[in-house]
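Peer 1: I'll drop the sequence and a predicted model, then ask my questions.
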Amino acid sequence: MFYVLYKLKDTAILPHFALASLDITNLYTNIPIAETQNILSNTLKQNSLDPHTQRELLSWYNTITKQNYFMNNGNILIQEDGLVMGAPSSGLIGEFFL
């Protein structure tokens, strides 16, 4: 982030310019779990992985995506759909969807 600011410090920003971030981190909660599972399943089949490995990877996917709980103001909440913000797995799973 600081590198970007350093590179932009001498750049003239005219009134009609807009600065935008294209980081997808905030979009994780909008990535559909079921659709992404279908994409992952099809990818595993296309790459001719043996059925046991496919089942194992999809089982891991189900475990990871069902653990969508977080704490807010002392309350434990469950996120119904989408990937968890800040989870290490969200970036990788998000890549499958994109």
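Peer 2: Yep, that arrived. Residues are numbered from 1 along each chain as shown.
Peer 1: the helices in this protein, which residues?
Peer 2: Applying DSSP state H to the chain gives helices spanning 2-8, 33-46, 51-66, 88-97.
Peer 1: among those, which is nearest Leu77?
Peer 2: Closest to Leu77 of the helices of the chain, according to CB to CB: helix 51-66, at 14.3 Å. (Glycine included, C-beta is placed from N, CA and C.)
Peer 1: any residues touching that closest one, and which ones?
Peer 2: Applying CB atoms under 8 Å, 6 or more residues apart in numbering, the external contacts of helix 51-66 come out as Ile33, Gln37, Leu40, Ser41, Leu44, Lys45, Leu49, Leu83, Ala87, Ser89, Ile93.
Peer 1: these two touch, right, the first one and Gly82?
Peer 2: Pointing back at Ile33 there. Yes - under the criterion of CB atoms under 8 Å, Ile33 makes contact with Gly82 at 7.0 Å.
Peer 1: about what we covered before: out of the contacts of helix 51-66, which is nearest to Asn75?
Peer 2: Nearest member of the contacts of helix 51-66 to Asn75, counting by CB to CB, is Ala87, at 18.8 Å.
Peer 1: Spell out which residues sit in contact with the closest one, please.
Peer 2: Counted by CB under 8 Å, 6+ apart, Ala87 has contacts Ile64.
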